[in-house]
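Trainee: Next come a sequence and a model predicted from it.
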Amino acid sequence: MLAITNVTAITMAEHGAIAPQTVVIEDGRIVRMAPADALPVPESALRIDGTGKYLIPGLIDMHVHVVPHIALPREGADAVETSTALAGEYLRLFLAFGVTTIRNMAGSRFLLKVRDAAAGGSFPSPRILTSGPIIEQTFGWSGIATYAAKVATPEAARAEIRREAELGYDCIKIYNNIAPDIFAALLDEAHRAGLKVGGHVPVPVGLLDTLAAGLDSIEHLRGFDAVLDGRPFHERRPEYPGDIYPGWRFAAPGKIAELADRVAEFDTWHVPTMMVEDPEHADVVYPPAIRDQLSWSVRQHLEGLRLDLDYTPQMRSDVRAGQAARREMLLELYNRGVKLLTGSDCPGAKTRLIPGHSLLSELEAFVRSGIPPFGALQAATVNPARYLGLADEIGTIAVGKRADLVLLDADPLANVSAVRRQSGVIVDGRYLPTAAGGSAAAGCAL
(Lines give C-alpha, C1' and ligand atoms only; values in the text may rest on other atoms or scores of the structure.)
Protein backbone atom coordinates (compact mmCIF):
# COMPACT_ATOMS: atom_id res chain seq x y z
CA MET A 1 0.00 0.00 0.00
CA LEU A 2 1.18 3.49 -0.91
CA ALA A 3 -0.11 6.87 0.29
CA ILE A 4 0.76 10.24 -1.21
CA THR A 5 -0.11 12.83 1.40
CA ASN A 6 -0.89 16.54 1.23
CA VAL A 7 -0.45 16.69 -2.54
CA THR A 8 -2.06 19.02 -5.07
CA ALA A 9 -3.93 16.79 -7.53
CA ILE A 10 -4.41 17.80 -11.16
CA THR A 11 -6.90 15.06 -11.96
CA MET A 12 -7.47 16.07 -15.63
CA ALA A 13 -11.14 15.15 -15.13
CA GLU A 14 -11.79 18.88 -14.94
CA HIS A 15 -9.74 22.05 -15.30
CA GLY A 16 -7.69 23.14 -12.32
CA ALA A 17 -6.10 21.57 -9.27
CA ILE A 18 -7.40 20.16 -5.99
CA ALA A 19 -5.34 20.73 -2.84
CA PRO A 20 -4.38 19.30 -0.46
CA GLN A 21 -5.26 15.65 -1.08
CA THR A 22 -4.21 12.25 0.17
CA VAL A 23 -4.20 9.51 -2.45
CA VAL A 24 -4.07 5.89 -1.29
CA ILE A 25 -2.95 3.16 -3.72
CA GLU A 26 -3.30 -0.57 -3.30
CA ASP A 27 -2.94 -3.50 -5.71
CA GLY A 28 -2.15 -1.15 -8.56
CA ARG A 29 -5.23 1.05 -8.21
CA ILE A 30 -6.29 4.24 -6.50
CA VAL A 31 -8.53 3.02 -3.68
CA ARG A 32 -9.08 6.26 -1.75
CA MET A 33 -8.72 9.95 -2.43
CA ALA A 34 -9.90 12.73 -0.14
CA PRO A 35 -8.83 16.01 1.48
CA ALA A 36 -5.67 15.41 3.48
CA ASP A 37 -7.26 16.43 6.80
CA ALA A 38 -10.16 14.02 6.30
CA LEU A 39 -8.36 10.82 5.29
CA PRO A 40 -6.19 9.03 7.86
CA VAL A 41 -3.26 7.16 6.37
CA PRO A 42 -3.14 3.43 7.13
CA GLU A 43 -0.14 2.53 9.29
CA SER A 44 0.94 -0.15 6.81
CA ALA A 45 1.20 2.31 3.92
CA LEU A 46 4.45 3.61 2.49
CA ARG A 47 4.08 7.38 2.88
CA ILE A 48 5.23 9.86 0.26
CA ASP A 49 5.08 13.47 1.39
CA GLY A 50 3.43 15.47 -1.37
CA THR A 51 3.67 18.84 0.33
CA GLY A 52 4.41 21.46 -2.33
CA LYS A 53 4.15 18.86 -5.09
CA TYR A 54 1.69 18.22 -7.92
CA LEU A 55 0.23 14.88 -8.98
CA ILE A 56 -0.79 14.29 -12.61
CA PRO A 57 -1.88 11.17 -14.53
CA GLY A 58 0.84 9.15 -16.20
CA LEU A 59 1.72 10.56 -19.62
CA ILE A 60 0.85 8.79 -22.87
CA ASP A 61 2.94 8.91 -26.05
CA MET A 62 0.72 8.01 -28.99
CA HIS A 63 3.44 7.65 -31.63
CA VAL A 64 6.64 5.84 -30.75
CA HIS A 65 8.97 3.23 -32.15
CA VAL A 66 10.14 1.10 -29.24
CA VAL A 67 13.56 0.68 -30.81
CA PRO A 68 15.11 2.20 -33.96
CA HIS A 69 14.13 0.30 -37.09
CA ILE A 70 17.75 -0.63 -37.71
CA ALA A 71 17.65 -2.67 -34.48
CA LEU A 72 14.48 -4.63 -35.27
CA PRO A 73 14.61 -8.29 -36.27
CA ARG A 74 12.80 -8.90 -39.53
CA GLU A 75 9.08 -9.68 -39.39
CA GLY A 76 8.53 -13.29 -38.35
CA ALA A 77 12.06 -13.79 -37.08
CA ASP A 78 12.84 -14.90 -33.55
CA ALA A 79 13.73 -12.08 -31.18
CA VAL A 80 17.46 -11.67 -30.99
CA GLU A 81 19.10 -11.08 -27.65
CA THR A 82 20.53 -7.67 -28.49
CA SER A 83 17.21 -6.32 -29.74
CA THR A 84 15.42 -7.57 -26.62
CA ALA A 85 17.96 -5.92 -24.34
CA LEU A 86 17.82 -2.67 -26.28
CA ALA A 87 14.01 -2.65 -26.16
CA GLY A 88 14.21 -3.04 -22.38
CA GLU A 89 16.53 -0.05 -22.12
CA TYR A 90 14.28 2.13 -24.26
CA LEU A 91 11.20 1.11 -22.28
CA ARG A 92 12.86 2.01 -18.97
CA LEU A 93 13.62 5.44 -20.40
CA PHE A 94 9.93 6.07 -21.03
CA LEU A 95 9.23 5.39 -17.36
CA ALA A 96 12.14 7.57 -16.27
CA PHE A 97 10.37 10.56 -17.81
CA GLY A 98 6.84 9.77 -16.63
CA VAL A 99 5.48 8.08 -19.76
CA THR A 100 3.40 5.15 -18.55
CA THR A 101 1.57 4.15 -21.78
CA ILE A 102 2.84 4.08 -25.37
CA ARG A 103 1.42 3.28 -28.80
CA ASN A 104 4.09 1.69 -30.99
CA MET A 105 3.51 2.53 -34.65
CA ALA A 106 5.52 -0.08 -36.54
CA GLY A 107 5.03 -3.54 -35.10
CA SER A 108 6.38 -7.01 -35.63
CA ARG A 109 6.10 -10.41 -34.00
CA PHE A 110 9.18 -9.49 -32.03
CA LEU A 111 7.40 -6.47 -30.58
CA LEU A 112 4.36 -8.59 -29.73
CA LYS A 113 6.72 -10.68 -27.60
CA VAL A 114 8.12 -7.54 -25.99
CA ARG A 115 4.59 -6.23 -25.31
CA ASP A 116 3.47 -9.48 -23.72
CA ALA A 117 6.63 -9.88 -21.65
CA ALA A 118 6.28 -6.32 -20.36
CA ALA A 119 2.61 -6.87 -19.50
CA GLY A 120 3.63 -10.00 -17.60
CA GLY A 121 6.09 -8.04 -15.48
CA SER A 122 9.28 -9.47 -16.95
CA PHE A 123 10.89 -6.00 -16.86
CA PRO A 124 9.88 -2.43 -15.98
CA SER A 125 7.89 -0.96 -18.83
CA PRO A 126 5.06 1.37 -19.73
CA ARG A 127 1.85 -0.22 -20.97
CA ILE A 128 2.46 -1.06 -24.65
CA LEU A 129 -0.08 -1.08 -27.45
CA THR A 130 1.32 -1.84 -30.87
CA SER A 131 0.25 -1.68 -34.47
CA GLY A 132 1.14 -4.41 -36.88
CA PRO A 133 3.75 -3.91 -39.60
CA ILE A 134 3.21 -0.70 -41.57
CA ILE A 135 0.88 -1.44 -44.48
CA GLU A 136 1.92 -0.02 -47.84
CA GLN A 137 1.10 -0.69 -51.48
CA THR A 138 4.37 0.42 -53.02
CA PHE A 139 7.55 0.76 -51.01
CA GLY A 140 8.97 4.24 -51.54
CA TRP A 141 12.37 3.08 -50.26
CA SER A 142 13.86 -0.35 -49.70
CA GLY A 143 14.50 0.03 -45.97
CA ILE A 144 10.81 -0.06 -45.13
CA ALA A 145 10.64 -3.73 -46.14
CA THR A 146 12.10 -4.74 -42.76
CA TYR A 147 9.02 -3.53 -40.88
CA ALA A 148 6.21 -3.27 -43.44
CA ALA A 149 3.69 -5.43 -45.27
CA LYS A 150 3.04 -4.87 -48.96
CA VAL A 151 -0.52 -5.21 -50.29
CA ALA A 152 -1.28 -4.91 -54.01
CA THR A 153 -5.05 -5.47 -54.13
CA PRO A 154 -8.09 -4.88 -51.93
CA GLU A 155 -8.29 -8.62 -51.33
CA ALA A 156 -4.66 -8.72 -50.17
CA ALA A 157 -5.35 -5.75 -47.90
CA ARG A 158 -8.26 -7.54 -46.25
CA ALA A 159 -6.17 -10.67 -45.80
CA GLU A 160 -3.38 -8.66 -44.14
CA ILE A 161 -5.84 -7.08 -41.70
CA ARG A 162 -7.21 -10.51 -40.79
CA ARG A 163 -3.68 -11.81 -40.27
CA GLU A 164 -2.75 -8.93 -37.97
CA ALA A 165 -5.99 -9.31 -36.01
CA GLU A 166 -5.35 -13.02 -35.50
CA LEU A 167 -1.81 -12.35 -34.30
CA GLY A 168 -3.15 -9.96 -31.66
CA TYR A 169 -1.97 -6.53 -32.76
CA ASP A 170 -3.76 -3.65 -31.07
CA CYS A 171 -4.22 -1.38 -34.10
CA ILE A 172 -3.33 -0.88 -37.76
CA LYS A 173 -0.77 1.51 -39.29
CA ILE A 174 -0.97 2.64 -42.93
CA TYR A 175 1.48 4.60 -45.02
CA ASN A 176 1.86 6.82 -48.09
CA ASN A 177 1.26 5.04 -51.40
CA ILE A 178 -2.13 3.35 -51.15
CA ALA A 179 -4.79 3.50 -53.87
CA PRO A 180 -8.33 4.54 -52.91
CA ASP A 181 -9.87 1.06 -53.37
CA ILE A 182 -7.18 -0.59 -51.24
CA PHE A 183 -7.51 2.16 -48.62
CA ALA A 184 -11.28 1.60 -48.43
CA ALA A 185 -10.78 -2.16 -48.03
CA LEU A 186 -8.21 -1.67 -45.26
CA LEU A 187 -10.50 0.62 -43.28
CA ASP A 188 -13.55 -1.57 -43.72
CA GLU A 189 -11.81 -4.81 -42.72
CA ALA A 190 -10.03 -3.24 -39.75
CA HIS A 191 -13.21 -1.68 -38.38
CA ARG A 192 -15.02 -5.01 -38.83
CA ALA A 193 -12.28 -6.55 -36.66
CA GLY A 194 -12.63 -3.81 -34.04
CA LEU A 195 -9.22 -2.33 -34.82
CA LYS A 196 -8.54 1.39 -35.22
CA VAL A 197 -6.44 2.56 -38.14
CA GLY A 198 -3.87 5.33 -37.88
CA GLY A 199 -1.08 6.57 -40.05
CA HIS A 200 -0.19 8.80 -42.95
CA VAL A 201 -2.63 10.24 -45.45
CA PRO A 202 -2.26 8.13 -48.60
CA VAL A 203 -1.14 10.47 -51.39
CA PRO A 204 -3.55 9.02 -53.99
CA VAL A 205 -6.46 9.57 -51.57
CA GLY A 206 -5.67 13.04 -50.20
CA LEU A 207 -6.50 14.64 -46.88
CA LEU A 208 -10.17 15.51 -47.28
CA ASP A 209 -11.17 12.13 -48.72
CA THR A 210 -9.14 10.40 -45.99
CA LEU A 211 -11.05 12.35 -43.37
CA ALA A 212 -14.37 11.56 -45.02
CA ALA A 213 -13.52 7.86 -45.16
CA GLY A 214 -13.03 7.75 -41.39
CA LEU A 215 -9.33 7.18 -40.75
CA ASP A 216 -9.14 7.04 -36.95
CA SER A 217 -5.91 9.01 -36.48
CA ILE A 218 -3.72 11.06 -38.81
CA GLU A 219 -0.04 11.27 -37.88
CA HIS A 220 2.36 14.21 -38.45
CA LEU A 221 -0.33 16.47 -39.99
CA ARG A 222 0.35 14.55 -43.20
CA GLY A 223 -1.67 15.69 -46.18
CA PHE A 224 -2.27 19.16 -44.74
CA ASP A 225 0.69 20.54 -46.68
CA ALA A 226 -0.78 19.61 -50.07
CA VAL A 227 -4.03 21.42 -49.29
CA LEU A 228 -2.28 24.51 -47.91
CA ASP A 229 0.34 24.86 -50.64
CA GLY A 230 -0.27 28.16 -52.42
CA ARG A 231 2.02 27.49 -55.37
CA PRO A 232 0.60 26.77 -58.80
CA PHE A 233 0.54 23.02 -59.27
CA HIS A 234 3.08 23.10 -62.09
CA GLU A 235 5.64 24.65 -59.71
CA ARG A 236 5.45 21.85 -57.18
CA ARG A 237 8.01 19.09 -57.11
CA PRO A 238 6.27 15.79 -57.89
CA GLU A 239 8.40 13.48 -55.78
CA TYR A 240 7.23 12.09 -52.42
CA PRO A 241 8.20 12.51 -49.62
CA GLY A 242 10.62 15.23 -50.71
CA ASP A 243 7.79 17.65 -51.41
CA ILE A 244 5.83 17.34 -48.15
CA TYR A 245 7.63 20.23 -46.49
CA PRO A 246 7.46 23.10 -49.03
CA GLY A 247 3.67 22.97 -48.73
CA TRP A 248 4.00 24.45 -45.26
CA ARG A 249 6.58 26.96 -46.45
CA PHE A 250 4.23 28.24 -49.15
CA ALA A 251 0.99 27.99 -47.18
CA ALA A 252 -1.49 30.39 -48.78
CA PRO A 253 -2.72 33.26 -46.57
CA GLY A 254 -6.08 32.48 -45.01
CA LYS A 255 -5.98 28.82 -46.00
CA ILE A 256 -4.95 27.60 -42.54
CA ALA A 257 -8.14 28.81 -40.85
CA GLU A 258 -10.20 27.59 -43.80
CA LEU A 259 -8.67 24.11 -43.63
CA ALA A 260 -9.10 23.97 -39.85
CA ASP A 261 -12.81 24.61 -40.38
CA ARG A 262 -13.00 21.65 -42.79
CA VAL A 263 -11.02 19.31 -40.54
CA ALA A 264 -13.26 20.15 -37.58
CA GLU A 265 -16.23 18.68 -39.48
CA PHE A 266 -14.80 15.17 -39.07
CA ASP A 267 -14.26 12.86 -36.10
CA THR A 268 -10.63 11.97 -36.83
CA TRP A 269 -7.97 12.36 -34.12
CA HIS A 270 -4.66 14.06 -34.95
CA VAL A 271 -1.15 13.32 -33.70
CA PRO A 272 0.92 16.26 -35.01
CA THR A 273 4.38 15.06 -33.80
CA MET A 274 5.70 18.61 -33.75
CA MET A 275 9.19 17.95 -32.36
CA VAL A 276 10.33 15.34 -34.85
CA GLU A 277 10.12 17.94 -37.62
CA ASP A 278 11.49 20.93 -35.72
CA PRO A 279 15.17 21.58 -36.47
CA GLU A 280 14.96 24.86 -34.55
CA HIS A 281 14.80 22.93 -31.28
CA ALA A 282 17.12 20.00 -32.02
CA ASP A 283 19.23 20.94 -29.00
CA VAL A 284 16.15 20.54 -26.79
CA VAL A 285 15.45 16.95 -27.82
CA TYR A 286 19.03 15.64 -27.51
CA PRO A 287 20.68 17.77 -24.82
CA PRO A 288 24.22 16.90 -23.71
CA ALA A 289 23.25 16.79 -20.02
CA ILE A 290 20.91 13.86 -20.67
CA ARG A 291 22.76 12.35 -23.61
CA ASP A 292 25.82 11.78 -21.44
CA GLN A 293 23.78 9.72 -18.96
CA LEU A 294 22.38 7.31 -21.55
CA SER A 295 23.70 3.78 -21.70
CA TRP A 296 26.32 2.98 -24.30
CA SER A 297 23.94 0.85 -26.39
CA VAL A 298 21.19 3.50 -26.50
CA ARG A 299 23.68 6.22 -27.44
CA GLN A 300 25.19 3.97 -30.09
CA HIS A 301 21.84 3.42 -31.79
CA LEU A 302 20.61 7.00 -31.49
CA GLU A 303 23.85 8.42 -32.82
CA GLY A 304 23.94 5.76 -35.52
CA LEU A 305 20.74 7.11 -37.08
CA ARG A 306 21.63 8.60 -40.47
CA LEU A 307 19.56 11.76 -40.19
CA ASP A 308 20.90 13.05 -43.49
CA LEU A 309 19.36 10.16 -45.43
CA ASP A 310 15.77 11.10 -44.61
CA TYR A 311 16.29 14.78 -43.95
CA THR A 312 18.34 16.60 -46.57
CA PRO A 313 19.59 20.18 -46.08
CA GLN A 314 16.89 21.39 -48.50
CA MET A 315 14.21 19.61 -46.52
CA ARG A 316 15.52 21.09 -43.26
CA SER A 317 15.40 24.53 -44.82
CA ASP A 318 11.81 23.96 -45.94
CA VAL A 319 10.81 22.68 -42.50
CA ARG A 320 12.38 25.63 -40.75
CA ALA A 321 10.56 28.05 -43.04
CA GLY A 322 7.26 26.24 -42.50
CA GLN A 323 7.35 26.03 -38.70
CA ALA A 324 5.16 29.09 -38.14
CA ALA A 325 2.47 27.64 -40.41
CA ARG A 326 2.56 24.27 -38.62
CA ARG A 327 2.18 25.96 -35.24
CA GLU A 328 -0.64 28.15 -36.51
CA MET A 329 -2.39 25.07 -37.89
CA LEU A 330 -2.12 23.24 -34.58
CA LEU A 331 -3.56 26.18 -32.66
CA GLU A 332 -6.43 26.63 -35.14
CA LEU A 333 -7.29 22.93 -34.78
CA TYR A 334 -7.25 23.23 -30.99
CA ASN A 335 -9.44 26.34 -31.04
CA ARG A 336 -12.05 24.46 -33.07
CA GLY A 337 -12.16 21.49 -30.73
CA VAL A 338 -10.41 19.09 -33.09
CA LYS A 339 -9.29 16.03 -31.12
CA LEU A 340 -5.54 16.13 -30.50
CA LEU A 341 -3.09 13.55 -29.17
CA THR A 342 0.56 13.92 -28.23
CA GLY A 343 3.03 11.67 -30.00
CA SER A 344 6.75 12.19 -30.39
CA ASP A 345 7.79 9.64 -33.08
CA CYS A 346 10.83 8.80 -30.97
CA PRO A 347 13.57 7.82 -31.49
CA GLY A 348 13.09 9.64 -34.79
CA ALA A 349 14.63 9.38 -38.21
CA LYS A 350 15.00 13.14 -38.59
CA THR A 351 15.88 14.18 -35.04
CA ARG A 352 17.43 12.12 -32.25
CA LEU A 353 14.57 11.85 -29.77
CA ILE A 354 15.24 10.30 -26.38
CA PRO A 355 12.26 8.09 -25.44
CA GLY A 356 10.13 9.68 -22.73
CA HIS A 357 12.09 12.91 -22.76
CA SER A 358 10.73 13.42 -26.28
CA LEU A 359 7.14 13.63 -25.02
CA LEU A 360 8.06 16.36 -22.54
CA SER A 361 9.47 18.32 -25.49
CA GLU A 362 6.26 17.65 -27.43
CA LEU A 363 4.16 19.14 -24.62
CA GLU A 364 6.32 22.26 -24.74
CA ALA A 365 5.86 22.40 -28.52
CA PHE A 366 2.07 22.37 -28.07
CA VAL A 367 2.34 25.33 -25.69
CA ARG A 368 4.72 27.19 -28.05
CA SER A 369 1.95 26.91 -30.62
CA GLY A 370 -0.40 28.82 -28.30
CA ILE A 371 -2.25 25.93 -26.67
CA PRO A 372 -2.65 26.46 -22.89
CA PRO A 373 -0.84 24.00 -20.60
CA PHE A 374 -4.08 22.28 -19.59
CA GLY A 375 -4.93 21.67 -23.25
CA ALA A 376 -1.49 20.23 -23.88
CA LEU A 377 -1.81 17.93 -20.86
CA GLN A 378 -5.23 16.78 -22.07
CA ALA A 379 -3.58 15.63 -25.30
CA ALA A 380 -1.12 13.54 -23.26
CA THR A 381 -3.53 12.04 -20.70
CA VAL A 382 -7.30 11.98 -20.94
CA ASN A 383 -7.51 12.29 -24.75
CA PRO A 384 -5.29 9.27 -25.51
CA ALA A 385 -7.12 7.25 -22.86
CA ARG A 386 -10.38 7.98 -24.67
CA TYR A 387 -8.92 7.14 -28.07
CA LEU A 388 -7.50 3.84 -26.83
CA GLY A 389 -10.74 2.82 -25.14
CA LEU A 390 -9.01 2.93 -21.75
CA ALA A 391 -10.78 5.92 -20.19
CA ASP A 392 -12.06 3.72 -17.37
CA GLU A 393 -8.49 2.69 -16.54
CA ILE A 394 -6.08 5.56 -17.16
CA GLY A 395 -5.90 9.22 -18.21
CA THR A 396 -7.37 10.83 -15.10
CA ILE A 397 -6.84 10.59 -11.34
CA ALA A 398 -9.88 8.99 -9.69
CA VAL A 399 -10.77 6.21 -7.29
CA GLY A 400 -10.81 2.91 -9.15
CA LYS A 401 -8.36 3.98 -11.88
CA ARG A 402 -5.00 2.34 -12.45
CA ALA A 403 -2.32 4.04 -10.40
CA ASP A 404 -0.25 5.43 -13.28
CA LEU A 405 0.86 8.81 -11.96
CA VAL A 406 3.67 11.37 -12.04
CA LEU A 407 4.70 13.45 -9.02
CA LEU A 408 6.05 16.90 -9.93
CA ASP A 409 7.94 19.54 -7.97
CA ALA A 410 6.17 22.45 -9.73
CA ASP A 411 2.79 23.34 -11.20
CA PRO A 412 2.45 22.30 -14.88
CA LEU A 413 -0.67 24.45 -15.29
CA ALA A 414 1.43 27.53 -14.61
CA ASN A 415 4.33 26.37 -16.79
CA VAL A 416 4.11 23.13 -18.74
CA SER A 417 7.89 22.71 -18.46
CA ALA A 418 7.20 21.65 -14.86
CA VAL A 419 6.72 18.16 -16.33
CA ARG A 420 10.52 18.03 -16.42
CA ARG A 421 10.72 18.50 -12.65
CA GLN A 422 9.71 15.01 -11.59
CA SER A 423 10.30 13.57 -8.14
CA GLY A 424 8.66 10.22 -8.79
CA VAL A 425 6.74 8.06 -11.23
CA ILE A 426 4.10 5.54 -10.21
CA VAL A 427 3.33 2.81 -12.71
CA ASP A 428 0.69 0.20 -11.95
CA GLY A 429 0.94 1.21 -8.28
CA ARG A 430 4.71 0.83 -8.03
CA TYR A 431 6.65 3.91 -6.93
CA LEU A 432 9.80 4.72 -8.88
CA PRO A 433 11.65 7.71 -7.39
CA THR A 434 13.60 9.70 -9.95
CA ALA A 435 16.68 11.82 -9.72
CA ALA A 436 16.26 15.59 -9.92
CA GLY A 437 14.65 16.55 -13.18
CA GLY A 438 13.57 13.02 -14.08
CA SER A 439 17.02 12.17 -15.40
CA ALA A 440 17.75 9.36 -17.78
CA ALA A 441 20.16 7.89 -15.26
CA ALA A 442 17.28 7.23 -12.90
CA GLY A 443 15.40 5.41 -15.61
CA CYS A 444 18.30 3.20 -16.56
CA ALA A 445 18.66 2.09 -12.98
CA LEU A 446 15.10 0.80 -12.63
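Mentor: Received it, and whenever you're ready, just let me know what you need. Residues are numbered from 1 along each chain as shown.
Trainee: So which residues of the stretch 151-300 of the chain form helices?
Mentor: Applying DSSP state H, counting those that start in this stretch to the stretch 151-300 of the chain gives helices spanning 154-167, 180-192, 207-213, 224-228, 246-249, 255-263, 282-285, 288-291, 296-303.
Trainee: among the ones you listed, which gets the worst mean confidence?
Mentor: The weakest mean pLDDT among these belongs to helix 282-285, with a mean of 67.
Trainee: hang on, the earlier thing: put together a markdown table for the helices of the stretch 151-300 of the chain, with distance to Glu26 and mean neighbour count on each row.
Mentor: Yep, even glycine has a C-beta here, placed from its N, CA and C like the rest. Formatted as a markdown table, these follow (distance: least, C-beta to C-beta, whole Å; neighbours: other C-beta atoms under 10 Å):
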| stretch | distance to Glu26 | mean neighbour count |
| --- | --- | --- |
| helix 154-167 | 35 | 17 |
| helix 180-192 | 38 | 19 |
| helix 207-213 | 44 | 18 |
| helix 224-228 | 46 | 22 |
| helix 246-249 | 49 | 22 |
| helix 255-263 | 43 | 17 |
| helix 282-285 | 37 | 16 |
| helix 288-291 | 34 | 13 |
| helix 296-303 | 34 | 16 |
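Trainee: any chance of those in CSV, plus distance to Leu2?
Mentor: Putting those into CSV (distance: least, C-beta to C-beta, whole Å) gives the following:
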stretch, distance to Leu2
helix 154-167, 36
helix 180-192, 39
helix 207-213, 44
helix 224-228, 44
helix 246-249, 46
helix 255-263, 43
helix 282-285, 32
helix 288-291, 28
helix 296-303, 30
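Trainee: Could you say which one of those helices comes nearest to Phe97?
Mentor: With C-beta to C-beta as the criterion, Phe97 lies closest to helix 288-291 of these, at 9.4 Å.
Trainee: Look at Arg236 and say how many residues are nearby.
Mentor: Applying other C-beta atoms under 10 Å, we find 14 residues neighbouring Arg236.
Trainee: Quick check: it touching Leu228?
Mentor: No. Proximity of Arg236 to Leu228 does not meet the contact threshold set by C-beta atoms under 8 Å, at 12.0 Å.
Trainee: Ignoring the adjacent residues along the chain, who's closest to Ile134?
Mentor: Here the nearest residue to Ile134 in space, its sequence neighbours aside, is Ala148; by C-beta to C-beta, 6 or more residues apart in numbering that works out to 4.2 Å.
Trainee: which SS state does the residue nearest to Asp170 when sequence neighbours are not counted fall under?
Mentor: Closest residue in space to Asp170, ignoring its immediate chain neighbours: Leu129 at 4.0 Å, by C-beta to C-beta, 6+ apart. Under the three-state scheme (DSSP: H, G, I helix; E, B strand; the rest coil), Leu129 adopts strand.
Trainee: For Leu129, list each beta-bridge partner.
Mentor: Arg103 (DSSP bridges).
Trainee: Show me how the protein divides into domains.
Mentor: Following the assignment in automatic domain parsing, the chain carries domains at 2-57+394-444, 63-387.
Trainee: pLDDT on the helix or strand containing Met33, on average?
Mentor: Here Met33 sits within strand 29-35, counting by DSSP states H and E. Strand 29-35 shows a mean pLDDT of 97.
Trainee: go on, stretch 387-406?
Mentor: pLDDT averaged over stretch 387-406 gives 98.
Trainee: circling back to that earlier point, list the contacts of the residue nearest to Ile134.
Mentor: Shown in contact with Ala148 (C-beta atoms under 8 Å, 6 or more residues apart in numbering): 106, 133-136, 139, 175.
Trainee: hmm, try it at 10 Å
Mentor: By C-beta atoms under 10 Å, 6 or more residues apart in numbering, the contact set of Ala148 is 69, 75, 106, 108, 132-136, 139, 173, 175.
Trainee: Point out the least confident one among these.
Mentor: Ranked by pLDDT, the contacts of Ala148 bottom out at Glu75 (50).
Trainee: rewinding a little: okay, the residue nearest to Ile134 and Val285: tell me how far apart.
Mentor: Computed as C-beta to C-beta, to the nearest Å, the Ala148 to Val285 distance reads 26 Å.
Trainee: Leu93 reaches Leu360, doesn't it?
Mentor: No. Using C-beta atoms under 10 Å, Leu93 is not in contact with Leu360, being 11.8 Å away.
Trainee: Identify the contacts common to the two.
Mentor: Common neighbours of Leu93 and Leu360, using C-beta under 10 Å, 6+ apart, are 99, 354.
Trainee: Grab the nearest non-local neighbour of Ala117.
Mentor: Nearest residue to Ala117, sequence neighbours excluded (C-beta to C-beta, 6+ apart): Phe123, at 7.0 Å.
Trainee: how many other residues sit next to the one you found?
Mentor: 16.
Trainee: ok, now how distant is it from Val419?
Mentor: For Phe123, the distance to Val419 - C-beta to C-beta - is 24 Å.
Trainee: what's the answer for Arg327, then?
Mentor: Counting by C-beta to C-beta - Arg327 and Val419 are separated by 19 Å.
Trainee: likewise Ala38?
Mentor: 29 Å.
Trainee: okay, the two: which has more neighbours?
Mentor: Set Ala38 next to Val419 and count neighbours by other C-beta under 10 Å: Val419 wins out with 26 against 8.
Trainee: rewinding a little: ok, residues contacting the very next helix or strand once past the strand holding Met33?
Mentor: Following strand 29-35 in sequence order, the next helix or strand is strand 46-49 (DSSP H and E). Strand 46-49 has contacts (C-beta under 10 Å, 6+ apart) with 1-7, 22-23, 25, 41, 55, 407, 423-424, 426, 431, 433.
Trainee: Let's see which of these end up in strands.
Mentor: Among those, the members found in strands (DSSP state E) are 2-7, 22-23, 25, 55, 407, 423-424, 426, 431, 433.
Trainee: Quick check on those residues: which are buried?
Mentor: 2-7, 22-23, 25, 55, 407, 423-424, 426, 431 (16 or more other C-beta atoms under 10 Å).
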